[in-house]
Structure formats: structure tokens, C-alpha cells
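**Student:** coords please:
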Amino acid sequence: MRKVKLYIAISLDGYIADENGQIEWLTGFPNPEKTDYGFADFIATTDTTLLGYKTYEHILQLAETYPHPEHTNYVFTRSERPAAPHVTFVQGADIPGFVQQLKSQSGKDIWLVGGGELNAVMLEHDLIDEITLHIMPVALGKGRPLFSGKAFEKRFKVVQTKVYASGAIESVMLPDRH
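**Tutor:** Residues are numbered from 1 along each chain as shown. Below you'll find the model as predicted:
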């Protein structure tokens, strides 16, 4: 069965974007190693992306077209959207059921891009099989949390940690489903 993998960066205080949904704090972060933080290796293991509409909009602010045309890309939305290149809009779907169906299909793993609302739905329904979290040494004070929505507790076990010259800490975690 395919795995759903959340590969994402957060601030020290747990935000994936500032309060306006912007990520300049991340894209402008010093990177003395000029590393991609393992992204090229990660993306090669996937062939599908899942993201919320707000995240999709912000990605298009950074790039004119969706940057992963070689993937099957699903954008979850509450409203009907006009067709767009390289993505399929999924409106009003049973997200857990939709993702379970994707996981049962053949193919590479599935990248959960985010944002916080979609991450929370996936976490709540135990659909995240692995998290690669890059904790950036910056505090935002306010912003969009990694998981937004209902409060619930889920436990993970850290299986790998790496520190980059930039100060970013990468932690790979698996769900502790006991």
C-alpha cells in the first residue's frame, strides 16, 4: 500500500506560514550549504500530491504554474473551481475515503503538501504514514499552524534527526499507533 508522507517546514512556534499565509520567512531563510534539505530525494519517491486550495494559491504566487506537472496533483476545495493545468480540483469530497482509495492504488508514495486544515483532517483519520519536519530556527508569533482545526492527541516516534548548517532541524517521524 502507498504511504502518505507529510514533508514540510515549520517555525519554532509551529507555524507553516505567517498570519497572511505568506512564507517569506522560509524562502528567504539563510542557507549557507545551498542544500535542498533532501527535497529532491524525497520528491523522487512520490508521484501524487495532496494540497488544500489556500496552499495551492500560495504556490502559484511563487511560480506561474504548479511546479510538479509530472505528478498527479489533487487540490481540495470547498467551492467549484475552473479547470487549471496540472491539477485536479476535488470539491466537497469525503477526504478520508478519497485518500484511502488513493493509498490502495498502485504507484509511488503520496506527498501531503498541506496546509494546516488538510493536515489536521489527515492526522485525525490516521492517514499520515510519515512526517519529515524541518524546524526552522525562527519564531513568528502568529501564523497558520501545522495542524489547524479540532484538538486531538496523536503520538509519533522520531526515527531520524539531522541538523543543517542553517540551524534547521530535520526530524523524520512515524505514527505510534499503539
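
**Student:** what residues are up against the residue positioned nearest the centre of the chain?
**Tutor:** Centrality entry for the chain: nearest residue to the mean C-alpha point is residue 113, 2.7 Å, by Cα atoms, centre = their mean. With contact set as Cβ atoms under 8 Å, 6 or more residues apart in numbering, residue 113 has these partners: 8, 49-51, 55, 59. Every residue, glycine included, has its C-beta placed from N, CA and C.

**Student:** any idea how far residue 138 is from residue 44?
**Tutor:** Per Cβ to Cβ, to the nearest Å, residue 138 is found 28 Å from residue 44.

**Student:** where in this structure is pLDDT low?
**Tutor:** Across the chain, residues meeting the criterion (pLDDT under 70) sit at 178.

**Student:** how about whichever helix or strand residue 41 is part of as CSV, C-alpha atoms only?
**Tutor:** Residue 41 is part of helix 39-43, with elements assigned from DSSP states H and E. Provided in CSV are the C-alpha atoms of helix 39-43 (Å, rounded to 0.1, in the frame of the first residue of the first chain):
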residue,chain,number,x,y,z
PHE,A,39,13.7,17.5,-1.2
ALA,A,40,15.0,16.0,-4.5
ASP,A,41,15.5,12.6,-2.9
PHE,A,42,12.0,12.9,-1.2
ILE,A,43,10.1,14.0,-4.3
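
**Student:** packing partners for it?
**Tutor:** Using 3 or more Cβ pairs under 8 Å, 6 or more residues apart in numbering; DSSP states H and E as the contact test, the elements touching helix 39-43 are strand 4-11.

**Student:** Any chance you could list what contacts the helix or strand following the strand it packs on?
**Tutor:** The element immediately downstream of strand 4-11 (helix or strand, assigned by DSSP H and E) is strand 15-17. Strand 15-17 has contacts (Cβ under 8 Å, 6+ apart) with 8-10, 23, 58, 114-116, 140, 142-146.

**Student:** coming back round to it: for the helix holding residue 41, report the contacting residues that lie outside it.
**Tutor:** With Cβ under 8 Å, 6+ apart, helix 39-43 has contacts from 5, 7, 68, 111, 132.

**Student:** likewise stretch 152-159?
**Tutor:** Against stretch 152-159 from outside (Cβ under 8 Å, 6+ apart): 123-124, 126, 131, 171-176, 178.

**Student:** Repeat the analysis, applying 6 Å as the threshold.
**Tutor:** Outside stretch 152-159, the residues that touch it by Cβ atoms under 6 Å, 6 or more residues apart in numbering are 123-124, 171-176.
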